[in-house]
Structure formats: structure tokens, C-alpha cells
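Engineer: Let's see this in three dimensions:
(4 chains)
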Protein chains: 2
Amino acid sequence: MSPTDHGQPPFPTEDEILRSVERLFFAYRAFTSDPDRILENMAYGRAHHRAIHFINRQPGTTVNRLLDILGVTKQSLNRVLRQLIKDGLVENRVGPQDRRERHLYLTDKGRVLEAQLSAPQQARLRQAFQSAGPDALSSFSEVLENIMDPEMRAHIKNPEGE
Amino acid sequence: MSPTDHGQPPFPTEDEILRSVERLFFAYRAFTSDPDRILENMAYGRAHHRAIHFINRQPGTTVNRLLDILGVTKQSLNRVLRQLIKDGLVENRVGPQDRRERHLYLTDKGRVLEAQLSAPQQARLRQAFQSAGPDALSSFSEVLENIMDPEMRAHIKNPEGE
DNA sequence: CTTGGAAAGTCAACAACACTGACATAAATT
DNA sequence: AATTTATGTCAGTGTTGTTGACTTTCCAAG
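Structural biologist: Here you go, the predicted model:
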């Protein structure tokens, strides 16, 4: 052993970390597969689902805010929003105070699709939490929040905004 | 309350489930951002990283096995492997028993890149587990394994194979 | 009231990475 | 000898991301 090796193995070990890398990969793929399967016969994809999800969670959110949450360019988001608005799933209201802003809302039709996409994904997560026992959710949540970049945490803790 | 409402709120509640949807989204994005940042200046992308990761974890794995793990088409994987082999990061050996099979190994050069890509991602996860306390890892792992499709669990529990 | 800048929208070109379908080759199996 | 399996390859396509350039609208500060 080297003089700086205090005999403390790292926690978690490298092998456990690598397994967790794989757990994240496989779980995330399963998690997105439910809505993906529903969307594959429509003209929409995962990007549309993400927009619909966050507009549903934060009705009246602005385009700028959505850009921050989704972490894509406005050109990329705009392509998605244009389709959703044209197809009557999302409504675009001029901001009441600041009329440059566009506030986004799901229409009834948009809410129907949101529920349809969300249902199997929610069922998958609920089953996972129920099988793991009542205390698993908080550990799971804490680890994921530690993994993410700190600025993003506010978008979970406070669905309303700041 | 309706006659079928037994007064049992679902566990977890819908709001907690939706927050976990967002936790997965933000955490996964952060988790992939480390290697993505390193790769953006190279001719490689996330698909190359995934191939390198699993070849490193299961040296000698076959193309078919890798296809099963990664869940992509052989055309998609082949494009990636062709580059990695051409650039001397991955080695392609004819199977000793079945000479149709190609067994995949990282070269020294491949292992260098693997370590480089893996380091910040591992550091991120280790920090997340350490902050969350010693018991968080097992709950975290259990929930993720419950989320994924069952066939995938074997690829974590036994890095060697079956 | 004019000017500067922020918010939003659009157009064009491009890249990564997935897909399907068709086909080729070599080797193992039946 | 015929079939199946494992792999590789070519061509075409779709989604989603990127840059860069530009316009319109509109609030707010000088």
C-alpha cells in the first residue's frame, strides 16, 4: 500500500458505480419506451412529449422558461411548438403584462394526449416504487437530485415557478 | 366519495410520480452531459461512448450480444463499430469456437478514452451517493431495476454474462 | 420620443443517430 | 445440400438536435 492509501475503499466502489451507470441507462430507456411506442404512429416524437409534459405541469409557462427547462435551442423547440399549435394541442396566448411573451397552455385535445402518453409511464414508476417499499422514493429522489445540475432542482421542487 | 373509493390515496401520489418523471429527465441529462462535453470535439458521439462502455465491461462480447444490450439495429451499431475499429480503439477477433462470431475488445488506446469519458460521470455519481448516505444506493438501485424491462436486469447483476 | 435590447419567430444548412429494406458472405447446423 | 445464424454493407429516410442570419414585436431607459 502507498503511504497515501489509508486502506479506505472508495464508497461506492468503482464496480458499484459502473453498475449504476448501466441501471440509469436501462431504466431510462424503459421509461421513455412507453410514450415512444404510442407516439411512433403519430407525427410526433419524444420532443413533443417533453413539451406537452412541461406545459401541462406549468400552464401558462413562457417559451423562454420552457427553453431553460428543456435545454434545447429556440429553433428546435419552435419546430415542435409550431406543430402542436397548428394541430390544436397547445394554445399560445400573448402575455398579459409583457406582450412579447407567449404563454403556453394545453387545449382539451392536448390534455387528452398528455394523459394518454403519461399513463403507462406513471404506471411503470408507481409499480417500481411500490415494489421497492415506502422508503425507497425518498432515497431515489435524493440521489437523482444530487446527480442533476443544481439549477434544475428548482424546476422539481416548485412546479409553480419560483 | 364514490362507492369504489376506499379512501386509499395512491402511493406514490400522482404529483410525486410526476416529480420523479422530471427527476429522471434532469438527472439523465446531467449524467450524459459529462461524456458528451468531452466527445463534442471529437468525431464521436454518445453512441460511441455506449459501445465503448459495454465492451470495456464485457471484454470479448460479441456483436449480437452488444446489439441486445444497446437495443439498436445492427446497421446503427455497425456504423459506430466500424469507426472505432478503423481508429484503433476496438479490436475485432474471430470467435475461437464459432468463427462467425466477432469478439470485441478495447485496445490500450480504447481504454484510455474509456477512462477519460467515464471519470467525470463516475465522480458525479459517487458524489451523489455519498451525499445521500450509505443506504441510498440500494434503494436507488432497486427502484431503477424495477423500472427497467426484466430482461435487462441480467446485464447488470452479472457483468460476465449469465 | 427615440433608441436599445429582450422575446419570439423564421429560414436555411447541417450533423448525429436512429430506422427500414435489401442484399452479401462465411460458417455452423440440420 | 439446404437452411439458419452471425456479421457486414449500401441506400434512403425521419427525428431531433445544432449554427448562423435575420425579422418583428414590444418594453423600458435615456
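Engineer: Quick one: the strands in chain A, in order.
Structural biologist: Under the criterion DSSP state E, strands of chain A are mapped to A:61-62, A:90-94, A:102-106.
Engineer: would you list the ones you listed in TSV and tack on mean pLDDT?
Structural biologist: Below are the strands of chain A laid out as TSV (pLDDT from 0 to 100):
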stretch	mean pLDDT
strand A:61-62	94
strand A:90-94	93
strand A:102-106	95
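Engineer: Nearest to DNA strand D, out of these?
Structural biologist: Closest to DNA strand D of the strands of chain A is strand A:90-94 (Cβ to the nearest atom of the strand; 6.5 Å). Quick note: C-beta positions are derived from backbone N, CA and C, even for glycine.
Engineer: what is the orientation angle of the closest one with strand A:102-106?
Structural biologist: Going by axes from the mean of the first three to the mean of the last three Cα atoms, to 10 degrees, strand A:90-94 is angled at 150 degrees with respect to strand A:102-106.
Engineer: Which of the strands of chain A sits closest to B:Gln83?
Structural biologist: strand A:90-94 (39.6 Å; Cβ to Cβ).
Engineer: Adding mean neighbour count, write the strands of chain A out as a markdown table.
Structural biologist: Formatted as a markdown table, the strands of chain A follow (neighbours: other Cβ atoms under 10 Å in any protein chain shown):
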| stretch | mean neighbour count |
| --- | --- |
| strand A:61-62 | 18 |
| strand A:90-94 | 15 |
| strand A:102-106 | 19 |
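Engineer: will you turn these into JSON lines that also has distance to A:Ser139?
Structural biologist: Formatted as JSON lines, the strands of chain A follow (distance: least, Cβ to Cβ, whole Å):
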{"stretch": "strand A:61-62", "distance to A:Ser139": "30"}
{"stretch": "strand A:90-94", "distance to A:Ser139": "36"}
{"stretch": "strand A:102-106", "distance to A:Ser139": "33"}
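Engineer: Go through those and name the closest to chain B.
Structural biologist: Taking Cβ to the nearest Cβ, strand A:61-62 is the member of the strands of chain A nearest to chain B, at 13.4 Å.
Engineer: Which other helices and strands does the closest one contact?
Structural biologist: strand A:102-106 (3 or more Cβ pairs under 8 Å, 6 or more residues apart in numbering or on different chains; DSSP states H and E).
Engineer: related to what we said a few turns ago, reformat the strands of chain A as JSON lines; add distance to DNA strand C.
Structural biologist: Below are the strands of chain A laid out as JSON lines (distance: least, Cβ to the nearest atom of the strand, whole Å):
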{"stretch": "strand A:61-62", "distance to DNA strand C": "4"}
{"stretch": "strand A:90-94", "distance to DNA strand C": "5"}
{"stretch": "strand A:102-106", "distance to DNA strand C": "4"}
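Engineer: Show me which residues of chain A are close to DNA strand C?
Structural biologist: A:62-64, A:67, A:74-75, A:78, A:81-82, A:92, A:95, A:98, A:100-102 (Cβ under 7 Å from any atom of the strand).
Engineer: Could you rerun that using 6 Å?
Structural biologist: A:Thr62, A:Val63, A:Asn64, A:Lys74, A:Gln75, A:Asn78, A:Arg82, A:Asn92, A:Arg100, A:Glu101, A:Arg102 (Cβ under 6 Å from any atom of the strand).
Engineer: check those residues against DNA strand D, which are close?
Structural biologist: A:Gln75, A:Arg100.
Engineer: Would you mind checking the residues of chain A next to DNA strand C for buried ones?
Structural biologist: Buried subset of the residues of chain A next to DNA strand C (neighbour count, 16 or more other Cβ atoms under 10 Å in any protein chain shown): A:Thr62, A:Val63, A:Glu101, A:Arg102.
Engineer: so which two of those are the farthest from each other?
Structural biologist: A:Val63 and A:Glu101 (7.4 Å).
Engineer: so what's the spatially most central residue of chain A closest to, chain neighbours aside?
Structural biologist: Centroid check for chain A by Cα atoms, centre = their mean gives A:Arg50 as the closest residue, at 6.5 Å. The spatially closest residue to A:Arg50, leaving aside those adjacent along the chain, is A:Leu70, at 5.9 Å (Cβ to Cβ, 6 or more residues apart in numbering or on different chains).
Engineer: quick one: A:Glu101 from A:Gly95, how far?
Structural biologist: Noted for A:Glu101: a distance of 3 Å to A:Gly95, by Cβ to Cβ, to the nearest Å.
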